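> Generate a structure from the sequence data that follows.
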Amino acid sequence: MASFSENSMNVYILFTIIFGLGFLHATAELQKFTHTPKADGSLSFLVVGDWGRRGEYNQSDVALQMGDVGEKLDIDFVVSTGDNFYDDGLTSEHDPNFEDSFTKIYTARSLQKRWYSVLGNHDYRGDVEAQLSPFLRIIDKRWICLRSFIVDSELAEIFFVDTTPFVRDYFTVSEGHTYDWREVYPPKTYISTMLKDLDIALRQSTAKWKFVVGHHAIRSIGHHGDTPELRSHLLPILQANNVDFYVNGHDHCLEHISDNASPIQFLVSGAGSKAWRGDVQNLNGKDVHFFYDGQGFMSVQLTQTEADIVFYDVHGHVLHKTNSSKKELHSSI
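Now for the predicted structure:
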């Protein structure tokens, strides 16, 4: 076990107090992190998911290309869609897997920004409180992982949702894994409170662009496919609150799918390491714009009027681009 100085322990205590009270401020019960947009008013970030394998399964190669793209786009931060550490999350705050799969892999200068991360189902198989602990920020100050929270840049708000407790199968013995459900029981109450807080936060949002990030898919044609519990309980809230994009991992692929009942675009970025070649269903659906069954990641560039989404493979090649536009509103006196 590593030893820490008195100053480090004081920092740990301070982080614990800050996170316990709510970092910066809160909307409903969701902690909010604030980003100031660039001088030109724009915002850019990368999205990667399902990555933590100590550099294996091309994780290091994806990280290298993320660094190059991050430099070109001058990114503001990175979003992780969960399953941050395989196979079973972290064992403690001192688990070397944190540094071996994160700190020592994402070393590019452009990636030394905040990493905003949600938990995936594999993370729930470990010590969840360890992965959520502000103590990890002493080891690597980039790391921010909470169950559900908001990133607010004025131009865009990104709402991070803890989707694993929605999935009923994870609570059954037959599923074959042990999950750390501390702070989740009873799940019905936990989910109800989470959805209420999200709905309030979305309704209060005045951001030009609204993103919701979770680990599990609402729509996917990959291995796991759609998550019925999210389609029933989460999707109606997103549709009612004019959400522009739902972003997730879980399926180890890259996808872009439209919603047939609203303007929501479903974006899957779960290809940070191990991919599932050929594991696809219903590829020819008219609402499926893009599917790729290899490793890669995604970038997002936002202005007041444009949202540019780009998917890259493990070599940094552009696989797919999509653009959404909004009119810029001008007020007159």
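> Kindly indicate whether the nearest residue to residue 149 once chain neighbours are set aside is helix, strand or coil.
Distance criterion CB to CB, 6 or more residues apart in numbering; nearest residue to residue 149, sequence neighbours excluded, is residue 31 at 4.6 Å. For glycine as for every other residue, the C-beta is placed from the backbone atoms N, C-alpha and C. Local secondary structure at residue 31 is given as strand here, using DSSP: H, G, I helix; E, B strand; the rest coil.
> Tell me the pLDDT of residue 31.
Among the per-residue scores, residue 31 holds a pLDDT of 95.
> Just give me the neighbour total for it.
For residue 31, the count of nearby residues is 21 (other CB atoms under 10 Å).
> Repeat that for residue 289.
Counted with other CB under 10 Å, the neighbours of residue 289 add up to 14.
> quick check, it in a strand?
Yes. When the secondary structure is assigned by three-state DSSP, residue 289 falls within a strand.
> all strands for the stretch 201-333 of the chain, in order.
Under the criterion DSSP state E, counting those that start in this stretch, the stretch 201-333 of the chain contains strands at 209-213, 245-248, 254-258, 265-269, 288-292, 296-302, 306-313, 318-325.
> Now do the longest helix belonging to the chain and strand 209-213, the angle between them.
Secondary structure of the chain read by DSSP state H shows that its longest helix is helix 187-204. Orientation check (axes from the mean of the first three to the mean of the last three CA atoms, to 10 degrees): helix 187-204 against strand 209-213 gives 170 degrees.
> Off-centre distance for helix 187-204?
Relative to its parent chain, helix 187-204 has a centroid offset of 18 Å by CA atoms, centre = their mean, to the nearest Å.
> What are the buried residues along it?
For helix 187-204, burial by neighbour count (16 or more other CB atoms under 10 Å) applies to 187, 190, 191, 194, 195, 197, 198, 199, 201, 202.
> Output the strands of the stretch 201-333 of the chain as CSV; include the columns mean pLDDT and distance to residue 152.
Below are the strands of the stretch 201-333 of the chain laid out as CSV (pLDDT from 0 to 100; distance: least, CB to CB, whole Å):
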stretch, mean pLDDT, distance to residue 152
strand 209-213, 98, 11
strand 245-248, 98, 16
strand 254-258, 98, 25
strand 265-269, 98, 20
strand 288-292, 97, 28
strand 296-302, 98, 13
strand 306-313, 98, 16
strand 318-325, 98, 20
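> got the ones you listed as a markdown table, with distance to residue 101 columns?
Shown next, in a markdown table, are the strands of the stretch 201-333 of the chain (distance: least, CB to CB, whole Å):
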| stretch | distance to residue 101 |
| --- | --- |
| strand 209-213 | 20 |
| strand 245-248 | 20 |
| strand 254-258 | 21 |
| strand 265-269 | 17 |
| strand 288-292 | 23 |
| strand 296-302 | 16 |
| strand 306-313 | 20 |
| strand 318-325 | 25 |
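> Which of those strands sits closest to residue 71?
Nearest of those to residue 71, taken as CB to CB: strand 296-302 at 11.7 Å.
> Name every strand pairing with the closest one and say which way it goes.
Strand 296-302 pairs in its sheet with strand 43-48 (antiparallel), strand 306-313 (antiparallel), by DSSP bridges.
> Which strands or helices does the longest helix of the chain pack on?
The elements that helix 187-204 packs onto, with contact taken as 3 or more CB pairs under 8 Å, 6 or more residues apart in numbering; DSSP states H and E, are strand 25-27, strand 30-34, strand 156-160, helix 235-240.
> give me every residue that touches residue 235.
Contacts were defined as CB atoms under 8 Å, 6 or more residues apart in numbering; by that measure residue 235 touches 218, 259.
> picking that back up, take the helices and strands packed on helix 187-204 and write them to TSV, including distance to residue 111.
TSV is the format used below for those (distance: least, CB to CB, whole Å):
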stretch	distance to residue 111
strand 25-27	27
strand 30-34	18
strand 156-160	18
helix 235-240	29
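> any idea which of those is most buried?
Scoring the helices and strands packed on helix 187-204 by mean neighbour count under mean count of other CB atoms under 10 Å gives strand 156-160 as the most buried, with a mean of 26.
> show me what contacts the residue nearest the centre of the chain?
The centroid of the chain falls nearest to residue 81 when counting by CA atoms, centre = their mean (3.0 Å). Residues near residue 81 by CB under 8 Å, 6+ apart: 47-50, 118, 120, 213-215, 247-250, 269-270.
> Now for those residues: which two are most distant?
In terms of CB to CB, the contacts of residue 81 reach their longest pairwise distance at 48 and 214, which sit 14.7 Å apart.
> Can you list the low-confidence ranges for the stretch 151-300 of the chain?
Per-residue confidence of the stretch 151-300 of the chain (counting by pLDDT under 70) places the weak regions at 174.
> what's in contact with stretch 195-209?
With CB under 8 Å, 6+ apart as the test, stretch 195-209 has contacts from 27-30, 148, 150, 152-157, 159, 161, 210, 212, 233-234, 237-238, 240-241, 243-245, 302, 304, 307, 326.
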